[in-house]
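Novice: quick check, what structure comes out for this input:
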Amino acid sequence: MNAEGAPETPKRGPWGPFATMAFGVVVAVVFVVAQIAVAIPYLIVQQVTGSEQSLEAAASGLDSDGLFTSIAEVIAGSIAIALILFLVWIRRGPGFRDYLALRLPTRFKTLQWLLYGILLAGLLDGLSYLFGYAIVPPWMQTIYRSAVFLPLLLVALLFVAPVLEELFFRAFLFQGLRHTRLGDPGAILLASLAGR
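Specialist: The predicted structure follows:
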């Protein structure tokens, strides 16, 4: 009972599995549509400013265009993040911190996982070098060279993209699936498969 003596309504949990999956599809579609909405004016500006490429060639080269990647990721990613936060808010259940598991790890855990990340990166880079693969893939070099404004690319790749991925796959989808018969292991597996 609350202070007025009325019975308290129980707090709702995260969205159920079907709503979570449906909203997940909506977030993915909104993300893609936002990227297309960025691509159309971007290609028009390229053609108007005298690009020597045909429209078809310019469109097919967007995946290796650093400036487009930067702009599209920041805009579409920000819209998708805002949509996820809105979906959590309209549920009127757990707060953002609980729903999305936004908890700061201890300093020890942070240092421990940072060390693991450095060791894993060193191992993978070493294996790439030993087997004759480029440590930085050619497509990433092309994106870096064509970025035009490097700070925007860094914001896109080091902030917006990872935050979106964590919120969508490891928070929103995971929370909506873990309270089913799947449990934590099944939710982790499904969310991981969806992220591939």
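Novice: from here on, contacts and neighbour counts on C-alpha atoms
Specialist: Will do.
Novice: same for the strand or helix carrying residue 177, what does it pack against?
Specialist: Assignment of secondary structure by DSSP states H and E places residue 177 within helix 174-178. Contacts defined by 3 or more C-alpha pairs under 8 Å, 6 or more residues apart in numbering; DSSP states H and E place helix 174-178 against helix 17-48, helix 183-194.
Novice: need those helices in CSV with mean neighbour count, can you?
Specialist: What follows is the helices and strands packed on helix 174-178, written out as CSV (neighbours: other C-alpha atoms under 10 Å):
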stretch, mean neighbour count
helix 17-48, 15
helix 183-194, 15
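Novice: how about the ones you listed in JSON lines, adding mean pLDDT?
Specialist: What follows is the helices and strands packed on helix 174-178, written out as JSON lines (pLDDT from 0 to 100):
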{"stretch": "helix 17-48", "mean pLDDT": "93"}
{"stretch": "helix 183-194", "mean pLDDT": "75"}
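Novice: quick one, which of those helices is nearest to residue 101?
Specialist: Nearest of those to residue 101, taken as C-alpha to C-alpha: helix 183-194 at 13.6 Å.
Novice: could the helices and strands packed on helix 174-178 go into CSV alongside distance to residue 173?
Specialist: Conversion of the helices and strands packed on helix 174-178 to CSV gives the following (distance: least, C-alpha to C-alpha, whole Å):
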stretch, distance to residue 173
helix 17-48, 6
helix 183-194, 6
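Novice: and those helices: which comes nearest residue 174?
Specialist: Closest approach to residue 174 among the helices and strands packed on helix 174-178 (C-alpha to C-alpha): helix 183-194, 5.4 Å.
Novice: list of residues touching the closest one?
Specialist: The list of residues contacting helix 183-194 from outside it, by C-alpha atoms under 8 Å, 6 or more residues apart in numbering, reads 169-170, 173-175, 177-178.
Novice: 6 Å instead?
Specialist: 169, 174, 177-178 (C-alpha atoms under 6 Å, 6 or more residues apart in numbering).
Novice: what of stretch 27-45?
Specialist: For stretch 27-45, contacts defined as C-alpha under 6 Å, 6+ apart pick out 72, 76, 80.
Novice: now do stretch 78-91
Specialist: Outside of stretch 78-91, the residues within contact range by C-alpha under 6 Å, 6+ apart are 27, 31, 164.
Novice: swap the cut-off to 7 Å and go again
Specialist: Applying C-alpha atoms under 7 Å, 6 or more residues apart in numbering, the set of residues contacting stretch 78-91 from outside is 15, 27, 30-31, 96, 160, 164.
Novice: and what of stretch 96-112?
Specialist: Contact partners of stretch 96-112, identified using C-alpha under 7 Å, 6+ apart, comprise 14, 88, 167, 171-172, 175.
Novice: could you flag which of those residues are buried?
Specialist: Neighbour-count burial within the contacts of stretch 96-112 applies to 14, 88, 167, 171-172, 175; the criterion is 16 or more other C-alpha atoms under 10 Å.
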